[in-house]
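In: Model the following, please.
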Amino acid sequence: MKTRFLAISLACVNVFGQMAKQSPEAPPLPTEQLPGKGLAQHPFLYCGEWDTRGTEQTIYLVRHGKVDWTYSVPFDDELSDCTMLRNGNILFVRKKSGASEITPAKKIIWNYQAEPGTEVHVIQPLGGTRLMLVQNGNPAKLLILDTKTNRVEKTVILPVGAYKGPHGQFRRVRITGAGTILAAHMDNDRVTEYNMDGKTIWSVDIPSPWSAVRLKSGNTLIGSNYGFVREIDPKGSTVWKIDQYELPGYPLHIVQEVQRLANGNTLINNWSGDLKVPGATNWVQLIEVTPDKKVVWALHDYDHLGPASATQLLDESTNPEKPGDQQR
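Out: Alright, predicted model coming up:
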């Protein structure tokens, strides 16, 4: 593929810059019936970073309108990424502790220990016993490995900005359906696509992108720490967006994972920050919005769930182990 370097126009950058300076105020606590059926809208797997209300971080499995299964890890094991496999096992990351695979019976059957001074926030199943994870650090590494043998099949060094520690580098990197690497560089304010040799083949400037996913249309869906969603076409143009205060009654705080559903709707994980801060639990955690920006599901349930970083809808007829099939 011919190398293409794309940048958002200066005017757009100025708009983003204005957004970045805004300190979002917590919205009023929802008092009216929210769109959708609450926990009964979809069966889903859910995890989130930095639930400050206790001493643990928790993965939640929601079925039939209630929390059906949970698994908790120590407080410092940040839960940024989690995926249920077709056999019911769950892959999840644990920050400085690495990554694990757990069975429904809560037995850890595989574990990757992060190297000292590094963090793991990204994991993606690739089918069978193969997976991809990213180890933030100096250097940052994308690893493709086999959980059966623990053999690392491939290592790709991911370029980062001036090193200020591992935490601010990556929350989302994905192998695409085309076999390329799509990386959301939080520290470089850029989403970049690489080939498997680590060569840049596409790039677009985005302030502090938390997540990026390549859609089946060829466009790229991006969520930002500055509270917005952008869909960018291959030429670098914004073809669809949601700004921080664009959804009446549902402001965005920090947009973490974004997902395009089979019906064309978009699911937004609206991370709420430190839950001990007054008003932090007023933010709606999940928002499902149609292409014309109608909110059809808004989930606000801090009694049963923590903050929202990653959500896998289990009623989507996609294969989570096939790169590019599940648009998250």
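
In: center of this structure, which residue is that?
Out: residue 257 (3.0 Å; CA atoms, centre = their mean).

In: A strand includes that one, no?
Out: Yes - under DSSP: H, G, I helix; E, B strand; the rest coil, residue 257 falls within a strand.

In: So it versus residue 266, what's the distance?
Out: 11 Å (CB to CB, to the nearest Å). Yep, even glycine has a C-beta here, placed from its N, CA and C like the rest.

In: right, and the residue nearest to the centre of the chain touches residue 223 too?
Out: Yes - using CB atoms under 8 Å, residue 257 is in contact with residue 223, at 6.5 Å.

In: Which residues are in contact with each of those two?
Out: By CB atoms under 8 Å, 6 or more residues apart in numbering, residue 257 and residue 223 have these common neighbours: 210, 211, 269.

In: Distance to residue 302, pLDDT and neighbour count for the residues you listed - can I get that in a markdown table?
Out: Formatted as a markdown table, the shared contacts of residue 257 and residue 223 follow (distance: CB to CB, whole Å; pLDDT from 0 to 100; neighbours: other CB atoms under 10 Å):
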| residue | distance to residue 302 | pLDDT | neighbour count |
| --- | --- | --- | --- |
| 210 | 20 | 99 | 24 |
| 211 | 22 | 99 | 29 |
| 269 | 14 | 99 | 25 |
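
In: quick one: which of the residues you listed is nearest to residue 71?
Out: residue 269 (18.8 Å; CB to CB).

In: Which strand residues bridge the closest one?
Out: Beta-bridge partners for residue 269, by DSSP bridges, are residue 286.

In: In this structure it contacts residue 313, no?
Out: No - the criterion here is CB under 8 Å, and residue 269 misses it with residue 313 at 11.6 Å.

In: that older thread, dump the residue contacts of the residue nearest to the centre of the chain.
Out: When contacts are counted by CB under 8 Å, 6+ apart, residue 257 touches 172, 210, 211, 223, 269, 309, 310, 311, 328.

In: so how far is stretch 237-244 from its chain's centroid?
Out: With CA atoms, centre = their mean, to the nearest Å as the basis, stretch 237-244 stands 18 Å off its chain's centre.

In: Give me the residues contacting that stretch.
Out: Contact with stretch 237-244 is made by 8, 12, 19, 22, 24, 219, 226-233, 251-252, 266, 268, 289, 291, 293, as judged by CB under 8 Å, 6+ apart.

In: Which ones among these lie within strands?
Out: Applying DSSP state E to these, the entries found in strands are 229, 230, 231, 232, 266, 268, 289.

In: Not counting sequence-adjacent ones, nearest residue to the fourth one?
Out: Of all residues not flanking residue 232 in the chain, residue 220 sits nearest, at 4.9 Å (CB to CB, 6 or more residues apart in numbering).

In: List the contacts of that neighbour.
Out: Contacts here follow CB under 8 Å, 6+ apart; on that basis residue 220 touches 182, 191, 204, 212, 213, 214, 231, 232.

In: Over to residue 187?
Out: Residues near residue 187 by CB under 8 Å, 6+ apart: 160, 161, 164, 168, 169.

In: if we can go back for a sec, got the contacts of residue 257 as TSV, with secondary structure and distance to residue 62 columns?
Out: Formatted as TSV, those follow (DSSP: H, G, I helix; E, B strand; the rest coil; distance: CB to CB, whole Å):
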residue	secondary structure	distance to residue 62
172	coil	22
210	strand	22
211	strand	21
223	strand	21
269	strand	14
309	coil	15
310	strand	13
311	strand	9
328	coil	16
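
In: and which of those residues is nearest residue 89?
Out: Set against residue 89, the nearest of the contacts of residue 257 by CB to CB is residue 310 (16.1 Å).

In: Roughly how far does the closest one sit from residue 84?
Out: Per CB to CB, residue 310 is found 11 Å from residue 84.

In: what comes up buried for stretch 258-268?
Out: When burial is assessed from 16 or more other CB atoms under 10 Å, stretch 258-268 yields the following buried residues: 258, 259, 260, 261, 265, 266, 267, 268.

In: What about residue 144, how many residues nearby?
Out: By the criterion of other CB atoms under 10 Å, residue 144 has 18 neighbours.
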